[in-house]
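S.K.: Have a look; sequence and predicted model below, questions after that.
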Amino acid sequence: MKRIALLLGAALLFAGFAQAAEKPLIRIGARVFTEQTVLAEITARYLRQHGFDVRITGGLGSTLARSAQESGQLDMVWEYTGVSLVSYNHVDERLPDAAATYARVKELDAKKGLVWLAPSRFSNTYALALPREVAEEYPQVQTISQLNQVLRDEAGKTHILALDTEFANRPDGLAA
């Protein structure tokens with residue numbers, strides 16, 4: 001009787017291991033800003049509800065996340081078409097719209113073994129926020145390009161500007 005109980009216990013234990021081993025692992029990467037943390041967590045919760053084992057690696061810089069994905073260390077990363085186009089694929093031509101940008105990065109990244117899923121319905125673009133006094137002093141500044149022109153025109157004048165690291169280091173961002 002003891003032997004049967006021991007065999008039954010071992011069978012249940014191994015069945016538990018087999019079931020755990022059958023649960024596919026998906027490794028999600030998240031970059032170092034809040035939006036990425038939230039998107040990774042939402043995605044992980046969704047996948048867990050659908051039977052996947054999920055591990056999130058957060059706090060990654062863009063280049064590190066991309067390298068980990070290209071090398072197979074990450075399975076999924078929420079990516080931005082502009083970042084992929086400019087930073088990873090080194091395309092500097094201006095494409096006509098979001099659909100054209102998506103099609104281009106999907107094509108270019110496919111050559112690297114990366115698959116773009118259907119795009120989400122939200123848009124993530126850079127924007128300017130100015131104190132009222134500054135906006136009134138520079139009414140011509142409505143875009144980042146216009147801000148860049150003012151900074152060039154007033155190179156001798158001190159301006160305080162805050163940027164996130166991602167934008168400051170991108171080829172299409174603002175140079176120091």
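M.R.: All right, it came through fine.

S.K.: got any ranges where this structure has weak pLDDT?
M.R.: Along the chain, segments meeting pLDDT under 70 span 1-21, 172, 174-176.

S.K.: can I see the domain layout of it?
M.R.: 2-78, 132-168 (automatic domain parsing).

S.K.: May I see the buried residues of stretch 29-46?
M.R.: By 16 or more other Cβ atoms under 10 Å, the buried positions in stretch 29-46 come out as 29-32, 36, 39-40, 43-44. All C-beta spots, glycine's among them, are computed from the backbone N, C-alpha and C.

S.K.: before we move on, back to that, would you mind finding the most buried of the domains of the chain?
M.R.: Compared across the domains of the chain, domain 2-78 shows the largest average neighbour count, a mean of 14 (mean count of other Cβ atoms under 10 Å).

S.K.: For this structure, which segments count as strands?
M.R.: Residue ranges of the strands in the chain, as given by DSSP state E, are 25-31, 53-60, 76-77.

S.K.: Other residues contacting the last one?
M.R.: Around strand 76-77, the neighbours that count as contacts under Cβ atoms under 8 Å, 6 or more residues apart in numbering are 26-31, 43, 65-66, 69.
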